[in-house]
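J.: sequence unknown, structure follows:
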Ligand SMILES: Nc1ncnc2c1ncn2[C@@H]1O[C@H](COP(=O)(O)OP(=O)(O)OP(=O)(O)O)[C@@H](O)[C@H]1O
């Protein structure tokens, strides 16, 4: 379970700070997907980068962050055990799919190399993508890339997943398919997931909307 409380995001300016938005409380339960919607520039990506633990020198951010009840606000990126899927990226371009799959499992895996291979291949096999095992990410199509990037995030066995406009680089025909597949994977794994998007078509689960500097609770459930 991911819990954010008393969050205030401000952007540093020449003359001080400018408020982006604030949030009293947001909890994402195990097995739940919560979508945070808002127009471009309101601070959605900044929120996810703060949750992930990235240094954000151009922002002033206050808030409490808990994962499964533990305060992780001071933890390093690696120690937070969070998975992330971006609009683009997520795979190392200089590593093959196979090497990306091993790298993803490295930090906490107790499995040996053969077990890591079997686990990754089983996931790729479900998608009919085992023939991409030896290729580099730049030779994958957009949909193949998105799915393999999510597989790599899941192989790391994160405690929660953060999705930042994960489908917006896909064309319409593929977008619906990848979206359905991604949400099914996350629900199947009971993964607490926080999704940010400006596009209502990509929303899933409980939807919160940023209006001005405030977040309005549960506008819909999709
Ligand atoms: N590194 C940075 N330094 C200074 N300002 C930044 C930086 N990154 C983003 N901003 C500004 O902070 C605000 C919030 O940006 P953010 O990327 O979080 O918005 P967003 O809601 O995710 O937008 P989008 O939907 O377009 O991705 C914007 O006004 C943006 O211009």
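T.: Yes, it's here. This structure is a prediction, so every number in the text was calculated from the model and none was measured. Numbers count the residues shown, from 1 in each chain.
J.: Could you list the low-pLDDT ranges of this structure?
T.: By pLDDT under 70, the low-scoring segments of the chain are 107-109, 217-222.
J.: Which element, helix or strand, includes the residue nearest the centre of it?
T.: Closest residue to the average C-alpha location of the chain: residue 162 at 2.3 Å, with C-alpha atoms, centre = their mean. Per DSSP states H and E, residue 162 falls inside strand 160-164.
J.: Please see if that strand touches the ligand.
T.: No - using C-beta under 6 Å from any ligand atom, strand 160-164 stays clear of the ligand, with a minimum separation of 7.3 Å. (Glycine included, C-beta is placed from N, CA and C.)
J.: Check which helices and strands that strand is in contact with.
T.: In terms of contacts (3 or more C-beta pairs under 8 Å, 6 or more residues apart in numbering; DSSP states H and E), strand 160-164 is packed against helix 44-52, strand 82-85, strand 193-197.
J.: if we can go back for a sec, quick one: contacts for the residue nearest to the centre of the chain?
T.: 48, 51, 52, 82, 83, 84, 85, 193, 194 (C-beta atoms under 8 Å, 6 or more residues apart in numbering).
J.: and if we set it to 6 Å?
T.: By C-beta atoms under 6 Å, 6 or more residues apart in numbering, the contact set of residue 162 is 48, 51, 82, 84, 194.
J.: picking up where we left off before, what's the following helix or strand after the strand holding residue 162?
T.: Following strand 160-164 in sequence order, the next helix or strand is helix 172-188 (DSSP H and E).
J.: Just the angle for that following helix relative to strand 160-164, thanks.
T.: Orientation check (axes from the mean of the first three to the mean of the last three C-alpha atoms, to 10 degrees): helix 172-188 against strand 160-164 gives 160 degrees.
J.: what's helix 172-188 packed up against?
T.: helix 142-155 (3 or more C-beta pairs under 6 Å, 6 or more residues apart in numbering; DSSP states H and E).
J.: Give the buried residues for the helix it packs on.
T.: Within helix 142-155, the residues that count as buried by 16 or more other C-beta atoms under 10 Å are 143-155.
J.: between the residues you listed, which is nearest residue 100?
T.: Closest approach to residue 100 among the buried residues of helix 142-155 (C-beta to C-beta): residue 152, at 5.4 Å.
J.: Once you drop chain neighbours, what's closest to that closest one?
T.: residue 104 (4.0 Å; C-beta to C-beta, 6 or more residues apart in numbering).
J.: How far away from the center of its chain is the helix or strand the one you found falls within?
T.: Under the criterion of DSSP H and E, residue 104 resides in helix 97-105. Computed by C-alpha atoms, centre = their mean, to the nearest Å, the chain-centroid distance of helix 97-105 equals 18 Å.
J.: what sits opposite residue 211 in the beta ladder?
T.: residue 214 (DSSP bridges).
J.: how near is residue 14 to residue 8?
T.: Using C-beta to C-beta, to the nearest Å, residue 14 is found at 20 Å from residue 8.
J.: Same drill for the two, tell me which one is more crowded.
T.: More crowded of residue 14 and residue 8, by other C-beta atoms under 10 Å: residue 8, with 15 against 4.
J.: The more buried one and residue 21 touch, don't they?
T.: No - look at residue 8 against residue 21 with C-beta atoms under 6 Å: they stay out of range, at 8.2 Å.
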